[in-house]
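Engineer: heads up, no residue letters with this:
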């Protein structure tokens, strides 16, 4: 029985169809298997007639292929690695909230080497203390790590049911990437303040959180576009 179960699982893993069709195909295959047993065939004889799992799955994929365009067809089963990306997205979100809370509510009274202290307000109104520098890295990069990880989760799971769904992660990466590119270029080209030493342009690019966020989004965007092109050739 375990051998038959492994055989069925091996076939199911190689089916390239949507979940509903795959469940129906496997139910029909199990029913056919049982009918052959009732007719007196042994499990070994049945599996020999059906062929190796690769062969049986290929025949089923060909038999249940549709004439619908590639954009309307499923192009793969969800990957178990998608849960790793989901965990990374949740972790990025939690870390981002923690960073925001830390730099907003911790009582800083003097500036530190890792950041610059600023005070807004006066005697007649509330006083706001803010810190820029190292603390802004989490605030700037964190949301985009969340977006990139979420897109990875979609690419390995939800998007595989329909090629058209790949447009969602493509847009989720492309839109903020364009906005970050414009804002980063503007920030890097701003005239330095008089009397304040500034690092070189190359160093400013390398140390910019926005640049690292752009690189991450660009990598996921390239992955999504590659999957879109690859799924269209199936």
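Structural biologist: Looks like it came in fine. Keep in mind that what you see is a predicted model, and the values were worked out from it rather than measured.
Engineer: low-scoring pLDDT stretches of this protein, where are they?
Structural biologist: 1, 65-76, 103-141, 187-207, 232-234 (pLDDT under 70).
Engineer: Which residue ranges make up each domain of it?
Structural biologist: Following automatic domain parsing, one finds the domains of the chain at 2-65, 82-232.
Engineer: In a markdown table: those domains, plus mean neighbour count.
Structural biologist: Every residue, glycine included, has its C-beta placed from N, CA and C. Below are those laid out as a markdown table (neighbours: other C-beta atoms under 10 Å):
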| stretch | mean neighbour count |
| --- | --- |
| domain 2-65 | 14 |
| domain 82-232 | 15 |
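Engineer: following the one helix or strand residue 34 maps to, which helix or strand shows up next?
Structural biologist: Assigned by DSSP states H and E, residue 34 falls within helix 19-38. Counting by DSSP H and E, the next helix or strand C-terminal to helix 19-38 is helix 43-50.
Engineer: just the helices in this protein please.
Structural biologist: Ranges of helices in the chain, per DSSP state H, are 2-13, 19-38, 43-50, 53-63, 82-105, 135-156, 167-189, 201-207, 209-232.
Engineer: that older thread, tell me the helices and strands packed up against the helix holding residue 34.
Structural biologist: helix 2-13, helix 43-50 (3 or more C-beta pairs under 8 Å, 6 or more residues apart in numbering; DSSP states H and E).
Engineer: okay, the angle between the shortest one and helix 53-63?
Structural biologist: Read it as helix 43-50. 50 degrees (axes from the mean of the first three to the mean of the last three C-alpha atoms, to 10 degrees).
Engineer: With that, I have no additional questions.
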